[in-house]
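K.L.:
My questions are about this predicted structure, shown below with the sequence.
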Amino acid sequence: MRVCPPASLAELLDTDHEALLEDWVARVSPLFTHLRLSREQLIDALPAFLDELRAALEEAEEDAGGSPSLHHIEASRAHGQQRLGLGADVPLVTREYAVLRDCILARAEHEDVDVPVSQLRVLCTCIDSALAQAAIPFAIDSAERRQAEAEERERFFQLSPDIVCLAGLDGYIKRVNANFVVSLGWSETELYQRPFMDLVHPDDQEFTRSELHKLSQGIPTLRFENRLRTRDGDYRWLAWASRPVAGMDLIYAAARDITEQKSVTHERERLLEAVRDSEARFRNMADHAPVMLWVTNAQGSTTYLNRGWYSFTGQTEATGLGHGWLDAIHPDDLERTRRIFGEAHTARRPFRLDYRLRGADGHHRWAVDTGSPRFDADGHFLGYIGSVIDISDRKQAEVEREALLARESAARHEAEEASQLKDEFLATVSHELRTPLTAILGWVQLLRTGHLSEPRRERALETIERNARSQGQLIEDLLDVSRIISGKLKLDVSPVDLSAVVQQALESVRPAADSARTRSMKP
C-alpha cells in the first residue's frame, strides 16, 4: 500500500505506470474497434514513450528554465508508421495522444498531485511533438500516394484502350491520349488548333451541341454517340461518356470506337429486315397456297398453320396451334395419326398419311398429310414442315373406279357364263339336229338296198318325212330363240299326243338299231 501520494508528474509516471497504461487501453480500445487490433498492437510503443516522457519531466524539474529534451522522436515516428500500416489515420492517432494526456492529468488529479504550469507545459509539449513525429509517416505516405495516383492517372490516361480527351467549353480540345491520335490519325497539334466540332459529322452536330449544352450546365452525359472524321476523310462511330470538371470550364470525356459494332448492328438489322421480308413473303405465299401448310418445332408442337387450314377447318390460332390441330381429325383416325407422326418425329424421317379431316361445316373429308424434317446448317433438327391436301374427290373417284371394276368383273363373269351356255346350247342343238338326220340317213340306206317290202318301204318313207318335219321344227325353234332375243316370239298352243311323240322317238332310233343288229348277224 502506498504511504504517500506522488510528488510530481515524473513520480506519477514511475509509480502509477501500469495503472496509467491500463486506463489508457480501456479508453482507447473503442476507437480502434474497426481495426480489430490485439492488445500488443494497440499498446505498441506506449511504454517506451512513457519512460521517455518521465525522463523529460525529470530533466525539466532539474532545469526549470530549460526546454525538455525530445528523446521520443524515433519511438513516436515508429508508432506512427505502425499505425499507418494497420490502417489508422491521422485523426485517430491524434485522438489516442489526446487520450493519453487526459489519462495522465486524470491520474494526477486522482492522486492529488500538484502539477505546476511548467510541468504541464512540458507534458503538452512532449505529447504535441510526439504527435507531430507520429504524423510524419502519414504525410510522407500521402505525398507519395498523391504522386503515385498522379502517375497512375497519367498512365491510365495514356494507356487507356478508350479514346480520352480533355476539352474546354470554348470548343477546343486541350489534351488527348495516345489512342485518340492513333484512332483518328490527327496529330496532337492538329487536334489542338481546330474547334472539335469541325471533326463531328454534319448529321451529328446538332445532337452533339445539345450534349455540350448539358455539360456546360454541370449535367454529366452517361452515353451519347456521334461520328468523328479521321484524317483520311472517313468517319468513326464513337460512344462517349462525359462529365464537366467543376470550376474549370473543362470537360473530361472518354469514348469507345463502336464503328465495327455499328457495322455489325447495321448488317444484323439488314439481315433481320431480310428475314422479316422473307417471312412475310412466305406467309403471303403460304396463305394463298392452294393447299394447307403447317410448321412444327423440334418438340413436335405446331407453330404455324396457314390461312387455308383455318378456312377449311374453322379453327383459329388459339385452337389450332400446339397440338390443337388433332381435334379436327376424325376419332377413328386419331390414334393412327398420332402413332405415325410420333414415330416419324422420333426417327426424323419424312412421312405421309391419310385421314379424315373435319371441315368448317362439320363434315369430314379425306385429306393426305405429307411432312418433311427440317435441319439447320449444323444438322440440328428444327422440326417439320408439311402440307395437307383435300383428296375427297380422289377418294370418291377411287370408290367409283372400284365399283366399276367390280361391275366389269361381274359382266366378264356373266359373259364367260353366257359363252359356256352358248357352247352347251350349240352342242345340244347339234345333237338334236343330228338325231333326225341319223334316222333319215338310216332309212334312206335301207331303201337303196331294194330289199324292203312294200309295207316297210312305206314306213320308211313316213319315218323319213316325220324326221324331216322334226328337223324343220328344230330349226323353227332356233329361230324362236332369235325371236326371243328380239322380243318377237309368238306361241302356237295346241294339245300334244304323248304316245305319238314316244313312237316318233322310237322310229328315230329304230334304223340305227336295225343296222346294228344286221352288222352283228354277219359272219
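P.N.:
Sure thing, it's come through.

K.L.:
contacts and neighbour counts: CA atoms only from here.
P.N.:
Fine.

K.L.:
Give the next helix or strand downstream of the helix or strand where residue 395 lies.
P.N.:
Assigned by DSSP states H and E, residue 395 falls within helix 392-449. Counting by DSSP H and E, the next helix or strand C-terminal to helix 392-449 is helix 454-486.

K.L.:
mind checking how far that following helix is from the chain centre?
P.N.:
101 Å (C-alpha atoms, centre = their mean, to the nearest Å).

K.L.:
Check stretch 33-44 too.
P.N.:
59 Å.

K.L.:
now do the same end-to-end measure for it.
P.N.:
One end of stretch 33-44 to the other measures 16 Å (C-alpha to C-alpha, to the nearest Å).

K.L.:
List the buried residues in that stretch.
P.N.:
42, 43, 44 (16 or more other C-alpha atoms under 10 Å).

K.L.:
As CSV, the residues you listed with distance to residue 80 would be great.
P.N.:
Formatted as CSV, these follow (distance: C-alpha to C-alpha, whole Å):
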residue, distance to residue 80
42, 12
43, 12
44, 10
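
K.L.:
quick check, nearest of those to residue 14?
P.N.:
The nearest member of the buried residues of stretch 33-44 to residue 14, counting by C-alpha to C-alpha, is residue 43 at 17.4 Å.

K.L.:
mind checking how far the closest residue to the closest one other than its chain neighbours is from residue 42?
P.N.:
With C-alpha to C-alpha, 6 or more residues apart in numbering as the criterion, residue 43 has its nearest non-adjacent residue at 7.2 Å, and that residue is residue 25. Computed as C-alpha to C-alpha, the residue 25 to residue 42 distance reads 8 Å.

K.L.:
same check, this time on residue 284
P.N.:
For residue 284, the distance to residue 42 - C-alpha to C-alpha - is 83 Å.

K.L.:
and what of residue 314?
P.N.:
Taken as C-alpha to C-alpha, the span from residue 314 to residue 42 is 87 Å.

K.L.:
same deal with residue 62?
P.N.:
Residue 62 is 33 Å from residue 42, by C-alpha to C-alpha.

K.L.:
Could you do residue 109 as well?
P.N.:
Counting by C-alpha to C-alpha - residue 109 and residue 42 are separated by 25 Å.

K.L.:
Could you do residue 88 as well?
P.N.:
From residue 88 to residue 42 the distance is 11 Å (C-alpha to C-alpha).

K.L.:
what secondary structure does residue 384 sit in?
P.N.:
strand (DSSP: H, G, I helix; E, B strand; the rest coil).

K.L.:
Now do the contacts for it.
P.N.:
Each residue near residue 384 by C-alpha atoms under 8 Å, 6 or more residues apart in numbering is listed here: 295, 296, 297, 298, 300, 371, 372, 373, 374.

K.L.:
7 Å instead?
P.N.:
295, 296, 297, 371, 372, 373, 374 (C-alpha atoms under 7 Å, 6 or more residues apart in numbering).

K.L.:
nearest residue to residue 6 other than its sequence neighbours?
P.N.:
What sits nearest to residue 6 in space, not counting adjacent residues and going by C-alpha to C-alpha, 6+ apart, is residue 12, at 5.4 Å.

K.L.:
where's that neighbour relative to residue 58, distance?
P.N.:
For residue 12 relative to residue 58 (C-alpha to C-alpha), the value is 11 Å.

K.L.:
Same question for residue 382.
P.N.:
96 Å.

K.L.:
what about the residue lying closest to residue 437 once chain neighbours are set aside, how many neighbours?
P.N.:
Leaving aside its sequence neighbours, residue 437 sits nearest to residue 467 (C-alpha to C-alpha, 6+ apart; 7.2 Å). Residues lying near residue 467 (other C-alpha atoms under 10 Å) number 23.

K.L.:
Next up, the contacts around residue 467.
P.N.:
By C-alpha under 7 Å, 6+ apart, the contact set of residue 467 is 436, 439, 440.

K.L.:
Next, format these as TSV and append distance to residue 428 and pLDDT.
P.N.:
Below are these laid out as TSV (distance: C-alpha to C-alpha, whole Å; pLDDT from 0 to 100):
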residue	distance to residue 428	pLDDT
436	13	78
439	17	76
440	19	80
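
K.L.:
Filter those down to the buried ones and hand me the PyMOL line.
P.N.:
Those of those that count as buried under 16+ other C-alpha under 10 Å are selected in PyMOL with:
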select buried, resi 436+439+440
